[in-house]
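Peer 1: below are the sequence and a predicted model; questions follow.
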Amino acid sequence: MKRLSGVIGSVLFSSMAMANCETQPENCIEVSQWEFSVALGAGVATNPLKDGDHSPLIVLPYVRYYGDRFFLDNTAIGYTFYDHQAFDVSWIAELNSEQAFFSRSRPGTVLRANTLSPDLNEQVNLPQIEVPTSGEVSGDDNVNLPNDVSVQVAVTDLDQKQQESKPPSLTFDDLAKRRWAIDSGILAHWYISEQHKVRVRLLHDVRGIYNGFHSSVEYSYKLPFGDPKYAQLQLKLGVDYKDAKLGSYYYGITQRDTELTHYRYEVDSSFNPYVGMAYNHRLSKSWQFKFTAKHQWLGSSIANSPIVDEGYTTSVFIGGLYAF
């Protein structure tokens, strides 16, 4: 039901800028040539939102172009202004993938958040009242009540008033639309060796959608197989940082969503760690077998949002990759 192009792209293709071809030729493509490929297989990308359907991964197209400095990689464009044997630094601009979880583009899709429980301090604790069968209520004043007076009726009236005072349920459709944001900033790679690499990103919202920034640090380890190399296993370990403005825009609940202050929720800045792996095995000149998996834990401030159901996201794909 969701289109998680940004999330899927980060799982299946990790590189946004060319590695130094002298040390890592397997990461390089021919300069000034367009590359078109498609992944065919089976997989799923989970959606952490309440009532948010998971996305099947079946057909995933990709487009890449790398010039001497300028490059295009699916939904990202960039310009490499510093290229060294061990380092490269680029400017990039790309779509922010957070909105993909809130997509309602498919016809007939109706997403609703689960009913939110009221705060405990809004509940009325009724006193315990015992009515003797004789109709008398024991006490200091020894007040006699008529037999036709029902204390239960009074309790029921209080219950009814309590229920009427509760705000109506907040649903997913009540939320304001989350818009696509475009992020721009710095992407840097440090090629420690042929097998070890560190990637750093620092991006800021340039459209003024959420007016914040996010960053990430990722370490990856590659283990090639064969001579010449016909397969490669890659392991990743990283953490995404999202500031409070980004978190509150997408996962918070403000006046734009509802006038009821009962449901208001602000998100603090959060760290979201993740692990991933990818295995590629070349079958022919055009075909590769591909398996990828990524699991990310959401920071507590995002995970505790009333519109979030699961404190993690997972993407898994297995299939073939065909390069045209």
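Peer 2: Happy to help now that I have it.
Peer 1: contact partners for Lys290?
Peer 2: Residues near Lys290 by C-beta atoms under 8 Å, 6 or more residues apart in numbering: Leu12, Ala39, Gly41, Ala278, Tyr279, Asn280, His281, Phe317, Ile318, Gly319, Gly320, Leu321. Where C-beta positions appear, they are placed from N, C-alpha and C, glycine not excepted.
Peer 1: residue contacts, Gln195?
Peer 2: Residues in contact with Gln195 (C-beta under 8 Å, 6+ apart) are Tyr221, Lys222, Leu223, Pro224.
Peer 1: thinking again about what came up before, need the buried ones from the contacts of Lys290 selected in PyMOL.
Peer 2: Here is the PyMOL command that selects only those of the contacts of Lys290 that count as buried (16 or more other C-beta atoms under 10 Å):
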select buried, resi 12+39+41+278+279+280+281+317+319+321
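Peer 1: do a quick rundown of the strands in the stretch 201-324 of the chain.
Peer 2: Using DSSP state E, counting those that start in this stretch, the strands of the stretch 201-324 of the chain run over residues 213-225, 231-242, 270-282, 287-297, 312-323.
Peer 1: which residues sit against the last one?
Peer 2: Translated: strand 312-323. Residues outside strand 312-323 that contact it (C-beta under 8 Å, 6+ apart) are 4, 7-8, 11-12, 35-48, 57, 60, 280, 283, 286-298, 303.
Peer 1: at 7 Å what do you get?
Peer 2: Contact with strand 312-323 is made by 7-8, 11-12, 35, 37-46, 48, 57, 286-298, as judged by C-beta atoms under 7 Å, 6 or more residues apart in numbering.
Peer 1: that one pairs with which strands?
Peer 2: Strand partners for strand 312-323, identified by DSSP bridges, are recorded as strand 33-45 (antiparallel), strand 287-297 (antiparallel).
Peer 1: pick the most buried one from the ones you listed.
Peer 2: When the strands paired with strand 312-323 are scored by mean count of other C-beta atoms under 10 Å, the highest mean neighbour count falls to strand 287-297 (a mean of 18).
Peer 1: quick one: low-confidence parts of the stretch 201-324 of the chain?
Peer 2: Within the stretch 201-324 of the chain, no range satisfies pLDDT under 70.
Peer 1: can you pull the buried residues of stretch 74-83?
Peer 2: Asn74, Thr75, Ala76, Ile77, Gly78, Thr80, Asp83.
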